[in-house]
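Engineer: Structure for the following, please:
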Amino acid sequence: MIVAAAVPFDQAGDSKARHAQLVTPARSQAGAGAKSLVVGDRTVRLVGLGGPASDRLLSRVATNIGTAIKAVEAFWGVDWPREISVLAAGSDEQFRAAAGGGPPSQWADIAAVTVAERVDPVHRVVLGQRIVFAPGAANMNEGALRIVLTHELFHYAARPYTTSDAPEWLTEGVADFVARPQTPVPADALPVPLTLPTDADLEAPGPQRSLAYDRAWWFARFVADTYGAPKLRDLYLASCGVGHTDVPTAVHAVLDIDPAGLLVHWHQWAAR
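Structural biologist: This is a model prediction of the structure:
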């Protein structure tokens, strides 16, 4: 099984997103009550696992799911799963089980995970996919919840096209591009030198990881601003899809520029 885990935003503001990672989930949600709603030509299945609290969270998800779907469709297109499953865990223990276990500290500040039982990118088949929200997501403000939902929904949409060895930093940067508002890049937040993140940076604890995710987001924004959002999508598929190349090769093929030149333009974009 595969889980793409998204983390919540800083409660003081929506400018900081935490990391995503791949883990192995456990536990089914058999027997949980569910309700469905139709959004356009998609059916959203909402499952509460924790009584009134999770039901209230799912009510907020229902309010925001239409906006999230539109954002994902605007970037990715409409050819992705028509059935969307969203679960709200009733306890931290339930959520950790869905996220694959591990110590409580590993998942204490994570808002949601996307879970797939089986993924076959060659045939674009995904089985058992669902988004699972942690109980703590109920404390997020509406803007932060919408961002996390949209971020996860992008992973949900792109999962049939994404291989297990895709560069995580690029998948997360593009997900944040789709989900997060296009706020200015803080000049005092730019590291010197400004370099592309690595997947290892995303796994490092503390500020290094947070900055790595911001760098991935800034890079995705730069590509979309400079070359257009369709080119960012093409770069995602060339770097993360079936038969993908490495990122430098994909950059040259899709954007018609060498990686060194692209980094120069990225630095100029970030410093403007």
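Engineer: Quick one: name whatever helix or strand follows the helix or strand bottoming out on mean pLDDT in the chain.
Structural biologist: Considering only helices and strands, the least confidently modelled element of the chain by mean pLDDT, DSSP states H and E is strand 22-23, at a mean of 32. Later in the chain than strand 22-23, the nearest helix or strand by DSSP states H and E is strand 34-39.
Engineer: tell me the mean pLDDT for that following strand?
Structural biologist: Throughout strand 34-39, pLDDT has a mean value of 93.
Engineer: Any chance you could list what contacts that strand?
Structural biologist: Identification of contacts with strand 34-39 by CB atoms under 8 Å, 6 or more residues apart in numbering yields 43-47, 62, 65-66, 69. Where C-beta positions appear, they are placed from N, C-alpha and C, glycine not excepted.
Engineer: Go again with 10 Å.
Structural biologist: 43-48, 55, 58, 62, 65-70, 83-87 (CB atoms under 10 Å, 6 or more residues apart in numbering).
Engineer: In helices only, show me those.
Structural biologist: Residues of the contacts of strand 34-39 located in helices (DSSP state H): 55, 58, 62, 65-70.
Engineer: CA atoms only for the helix or strand harbouring Glu93 - export them in CSV, please.
Structural biologist: Secondary structure assigned from DSSP H and E places Glu93 in helix 92-98. Listed in CSV are the C-alpha atoms of helix 92-98, where the atom choice follows Å, rounded to 0.1, in the frame of the first residue of the first chain:
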residue,chain,number,x,y,z
ASP,A,92,-5.0,10.0,16.9
GLU,A,93,-4.6,6.2,17.2
GLN,A,94,-7.0,5.7,14.3
PHE,A,95,-5.1,8.2,12.2
ARG,A,96,-1.7,6.7,13.0
ALA,A,97,-3.0,3.3,11.9
ALA,A,98,-4.2,4.7,8.6
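Engineer: and that helix, what other elements does it pack with?
Structural biologist: In terms of contact count using 3 or more CB pairs under 10 Å, 6 or more residues apart in numbering; DSSP states H and E, helix 92-98 is assigned the packing partners strand 83-88, helix 104-107, strand 112-116, strand 130-133.
Engineer: Can you say which of those is nearest to Trp76?
Structural biologist: With distances scored as CB to CB, the stretch of these nearest to Trp76 is strand 83-88 (13.6 Å).
Engineer: List the buried residues for the closest one?
Structural biologist: The neighbour-count criterion (16 or more other CB atoms under 10 Å) identifies 84-88 as the buried residues of strand 83-88.
Engineer: List the pairing partners of that strand within its sheet, with orientation.
Structural biologist: The partner list of strand 83-88 in its sheet, established with DSSP bridges, is strand 42-48 (parallel), strand 130-133 (parallel).
Engineer: roughly how far apart are the most centrally placed residue in the chain and Leu194?
Structural biologist: The chain has His151 as the residue nearest its centroid, 3.9 Å off, counting by CA atoms, centre = their mean. The span separating His151 from Leu194 equals 23 Å under the rule CB to CB, to the nearest Å.
Engineer: Leaving out the residues flanking it, which one is nearest to Leu46?
Structural biologist: Distances taken as CB to CB, 6 or more residues apart in numbering place Leu58 nearest to Leu46, at 4.5 Å, with adjacent residues excluded.
Engineer: how far away is that neighbour from Arg42?
Structural biologist: Using CB to CB, which is the criterion applied here, Leu58 is 16 Å from Arg42.
Engineer: For the strands paired with strand 83-88, could you give me JSON lines that also reports distance to Leu262 and mean neighbour count?
Structural biologist: As requested, the strands paired with strand 83-88 are exported to JSON lines (distance: least, CB to CB, whole Å; neighbours: other CB atoms under 10 Å):
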{"stretch": "strand 42-48", "distance to Leu262": "36", "mean neighbour count": "19"}
{"stretch": "strand 130-133", "distance to Leu262": "33", "mean neighbour count": "26"}
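Engineer: Indicate which one of the ones you listed is closest to Gly100.
Structural biologist: Go through these one by one with CB to CB and the one that ends up closest to Gly100 is strand 130-133, at 11.0 Å.
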